[in-house]
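[1] Need a 3D model of the following:
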Amino acid sequence: MKLIVFLCLSAFASAQAPEWQQAVDYKMDVELDVTTHRLKGKQLLTYFNRSPDTLAFVYFHLQFNAFQPGSMMDVRSRHIADPDSRVGSRIASLTPDQIGYQKILSLRQNGKKVKTEIMGTLMKVWLEAPLLPKKNTVFAMDFEAQTPLQIRRCGRQNREGIEYSMSQWYPKIAEYDYQGWHANQYIAREFHSVWGDFDVTITLDSRYTVAGTGELVNADEIGHGYSSANPKKNKLSWRFKAKNVLDFTWAADPDYQHETAKVPNGPVLHFFYQKNEKTEKTWPLLKDITVKTFQYLSNTFGPYPYDRYSVIQGGDGGMEYSMCTLILGEGTLGGLSGLMMHEVSHAWFEMLLATNEILRAWMDEGFAEFAGQEAYANIFPGFTPHLNAYESYFKLVNSGNYVAPNTPSDFFPSNAAYRTGSYVAGCLFLCQLRYLMGEDFFKKGMLHYFDKWRMKHPGDDDFIRCLEKTSGMQLLWFKNLWINTAQKIDYALEPPVAEGDKTRLVIKRKGDLPMPVELTVTKKDGSRELHYIPMNETFAVKPHTAPRIDEPVWFWVNPSYELVLPIAYHTIASLELDAKHELADINRRNDKIENK
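    Predicted structure coming up:
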């Protein structure tokens, strides 16, 4: 036992993510012309270099530029084997008044002009003077943007009639960390951002209601009303503030219905949607379901720290942002609830942890998928979570097109591989860890992870060490095999041999990825025995509440394991591996033998 504890603590103590991280403070004042869909703005950005490095240049994301014919997003969509139907060739057909762009009209650092170079959705800025460690600098920018026709996540006039979904709308400085600059072109998948504070004023036509990140600090000054006699004076300015968030997102529509609900001992929830025959029955019910979702997620993974969150009809499906989500609002209550739960789960698994989802989309999408499914099962009794995840995983694996989940999100060879590698494999990663550790240790590990790494950009090793510390088990081997390879789990039962009052049984490991094995013996009198066969890499066995028989350890290099049951075969009704179907075993047809 001393050896086990030593190994566990040694692994936990090594190779932690660095303690420093950059910080930003944005002050923006923008005005949107709802006739041209163009936005002009001023940005004052204070950038804090908390790294030990001297910086000679910085990068900004200009993600609206992706919505232009010939952009990387356009080309990727038209050449990938299975293009996203929401994108397809739509970018290529945009007209000049439908495209998106962000133009930098002026940029100064500490009052002095700086040299810039724009390439696609990135702008490189050579600093007027090097930015030393532990120092900060101020960028003053004037910019203009055109809001693209809604195609993917951001844009105007979405398919449900929402006028503006304003995500990725402002020039945003890129993340710099111990790996250097994360200057990734935007092709419609994931993000990586800097923690910071936002003070944003948005001016537009007074007919519009605005929803967004943070707190509306001038709510008492906002009044609606429009006079066609003097439209130039019919504008309102909405001012939002948010502290310690990853980005700022907003949406606007003249027909938004605004409602609220309070989570007990938690945030105030805001709901913005168009009330019509497709939403009038579902959205009022969604409020209570969202309250219950926040309660479940806070109790299960850790408390939500902000005092508000907004569920906003907009976008082109569902997408998470700081303190809010944009989701399509029409459809059944069940579908709307499931979408909301997945996106709200991102408030924990991305927006409060900020893993690098460009490199590890499975830690973002997969963890949110797991949490959302668990929340759904908790709120809607009778629902069995993760069935679709197992089925999707088996389908892609058996097609031969499965690739390692740690593939950077933009470089998956197909959208199907991306969806399975990030959403499905990340979700099943947690399911397999729960199988390895047991329910109690798994829950404690997830709480410890959130508590320790909240707002610190953890990596995959940081996560697995939290679970190792709470369980006393070695788990790094499993993370490396499941995440960094395409190895698969497959165990099979060989035909048993009757030997008088005993039964000899051989279990074959046919897959590359070893796991502990559970064998259920069901007797003809209806009684059952659970035999647990530990695997040597864990250096421990998971705890159990129900009776079980612990067998000798299986060293994974052995392709088979022999077990002699002190039970006459004629008294056995069936033998089954993984009777609860918790393992991601790619061939369950060879897991059960019935003695008829």
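
[2] Adjacent strands (with direction) for the helix or strand containing I312?
    Assigned by DSSP states H and E, I312 belongs to strand 308-313. If you go by DSSP bridges, strand 308-313 pairs up with strand 268-274 (parallel), strand 324-327 (parallel).

[3] which ones are touching A354?
    By C-beta atoms under 8 Å, 6 or more residues apart in numbering, A354 lies in contact with 192-193, 195, 246, 455-457. All C-beta spots, glycine's among them, are computed from the backbone N, C-alpha and C.

[4] Show me where the stretch 201-350 of the chain has its helices.
    282-301, 333-345 (DSSP state H, counting those that start in this stretch).

[5] Let me know which of the strands paired with strand 308-313 is tucked in deepest.
    Neighbour counts (mean count of other C-beta atoms under 10 Å) averaged over each of those peak at strand 324-327, with a mean of 28.

[6] what about the closest residue to L105 other than its chain neighbours, helix or strand, and which?
    Spatial nearest neighbour of L105, excluding adjacent residues (C-beta to C-beta, 6 or more residues apart in numbering): D142 at 4.1 Å. Assigned by DSSP H and E, D142 belongs to strand 135-146.

[7] Would you agree the residue nearest to L105 is in contact with L44?
    No. Look at D142 against L44 with C-beta atoms under 8 Å: they stay out of range, at 10.5 Å.

[8] can I get the strands paired with strand 308-313 in TSV with mean pLDDT and distance to E163?
    As requested, the strands paired with strand 308-313 are arranged in TSV below (pLDDT from 0 to 100; distance: least, C-beta to C-beta, whole Å):
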stretch	mean pLDDT	distance to E163
strand 268-274	98	10
strand 324-327	98	13
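
[9] got JSON lines for the ones you listed, with distance to P148 too?
    What follows is the strands paired with strand 308-313, written out as JSON lines (distance: least, C-beta to C-beta, whole Å):
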{"stretch": "strand 268-274", "distance to P148": "21"}
{"stretch": "strand 324-327", "distance to P148": "15"}
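
[10] For Q168, find the nearest of the ones you listed.
    Smallest distance to Q168 across those (C-beta to C-beta): 11.4 Å, for strand 324-327.

[11] Can you give the contact residues for the closest one?
    Against strand 324-327 from outside (C-beta under 8 Å, 6+ apart): 153, 165, 167, 211-213, 249, 251, 309-315, 317-319, 336, 339-340, 343-344, 346-347.

[12] Separate out the buried members of these.
    153, 165, 167, 211-213, 249, 251, 309-315, 318-319, 336, 339-340, 343-344, 346-347 (16 or more other C-beta atoms under 10 Å).

[13] Tell me how many other residues crowd G445.
    Counted by other C-beta atoms under 10 Å, the residues lying close to G445 total 25.

[14] Quick check: chain neighbours aside, which residue is closest to it?
    Counting by C-beta to C-beta, 6+ apart, G445 lies nearest to L467, which is 3.7 Å off, once chain neighbours are set aside.

[15] same question, G266
    F294 (5.5 Å).

[16] Could you give the number of residues near that neighbour?
    21.

[17] where's it relative to F411, distance?
    Counting by C-beta to C-beta, to the nearest Å, the gap from F294 to F411 is 35 Å.

[18] Strands along the stretch 51-200 of the chain, start to end?
    In the stretch 51-200 of the chain, the strands defined using DSSP state E, counting those that start in this stretch lie at 55-61, 101-109, 112-113, 115-119, 122-131, 135-146, 155-156, 164-166, 172-173, 176-177, 180-181, 196-205.

[19] is it true that V210 touches H258?
    No. Using C-beta under 8 Å, V210 and H258 do not qualify as a contacting pair, with a distance of 10.1 Å.

[20] Same drill for these two, tell me which one is more crowded.
    V210 (22 against 11).

[21] hey, what's that one bridged with?
    Beta bridges link V210 to A252 when assigned by DSSP bridges.

[22] Can you list the low-confidence ranges for the stretch 151-300 of the chain?
    Counting by pLDDT under 70, the ranges of the stretch 151-300 of the chain that qualify are 223-233.
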